[in-house]
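Trainee: how would this look folded up:
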Amino acid sequence: MSSTLLGPPGVGKTHLAIGLGVEAVQQGYKVSFVTMDHLIQLLRTQEVTRSAQTKLKRITQSDLVIIDDLMFMAINRHEANLFFQLINKLYGQSSVIITSNKGPEDWGELLGDPAITTAILDRLLHKSEVIHLTGDSYRLKYRKTIFGND
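Mentor: Residues are numbered from 1 along each chain as shown. Predicted coordinates:
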């Protein structure tokens, strides 16, 4: 089972994902947490650095993989293909939790390839619970004094 946590910045997506990850660790599962930008860096450098290979191996051997800030930044076609290969490898063998401030309908423009986007969505959203979080940013809620709104 996988989950996709969607919503604007600051509503607690990462906090919830980490909480679920901690619970999984306490239950004896292997868990990996990685931000999307770090994951793309690992995928780009896996052919040339041992540390990237080691980290990716740890990710693919995890029972639960948490990918934070999916689609926060645009990625090129080669990176999208590498990401698809990873998701395809995880599909069916690991649970995946994804956080994103963009809905799946917006992922195509960030991936730049409709075919890869469809294949990634197919694997990520199949048997996935999609949870939409709404509300104001918790980070900004208590920082109104910064903006002079005492």
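Trainee: just give me the neighbour total for Gln26.
Mentor: 9 (other Cβ atoms under 10 Å). From N, CA and C alone the C-beta is placed, and that goes for glycine too.
Trainee: hey, where'd the helices end up in the protein?
Mentor: For the chain, the helices defined by DSSP state H occupy 13-26, 36-45, 50-60, 77-90, 104-111, 114-125, 138-141.
Trainee: ok, residues contacting the fourth one?
Mentor: The contact list for helix 77-90 (Cβ atoms under 8 Å, 6 or more residues apart in numbering) reads 39-40, 43-44, 56, 59-60, 65, 75, 96, 111-113, 116-117, 119-120, 123-124.
Trainee: restricted to buried residues, select those in PyMOL.
Mentor: Typed into PyMOL, the line below selects the buried ones among the contacts of helix 77-90, using 16 or more other Cβ atoms under 10 Å:
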select buried, resi 39+40+43+44+56+59+65+75+96+111+113+116+117+119+120+123+124
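Trainee: who does Leu64 bridge with?
Mentor: Val31, Ser95 (DSSP bridges).
Trainee: next up, the contacts around the residue nearest in space to the middle of the chain.
Mentor: Centroid check for the chain by Cα atoms, centre = their mean gives Ile67 as the closest residue, at 2.5 Å. Residues in contact with Ile67 (Cβ under 8 Å, 6+ apart) are 34-36, 39, 96-99.
Trainee: pLDDT wise, what is Ile146 at?
Mentor: Per-residue pLDDT puts Ile146 at 57.
Trainee: quick check, Ser32 in contact with Ile66.
Mentor: Yes - using Cβ atoms under 8 Å, Ser32 is in contact with Ile66, at 6.9 Å.
Trainee: who's more crowded, those two?
Mentor: The residue with more neighbours, out of Ser32 and Ile66, is Ile66; 24 against 19, by other Cβ under 10 Å.
Trainee: isn't that one right up against Thr35?
Mentor: No - Ile66 is beyond contact range of Thr35, at 9.5 Å (criterion: Cβ under 8 Å).
Trainee: the closest residue to Arg44 other than its chain neighbours: neighbour count?
Mentor: Sequence neighbours aside, Glu79 is the residue nearest to Arg44 in space, at 6.6 Å (criterion: Cβ to Cβ, 6 or more residues apart in numbering). Using other Cβ under 10 Å, the number of residues around Glu79 comes to 19.
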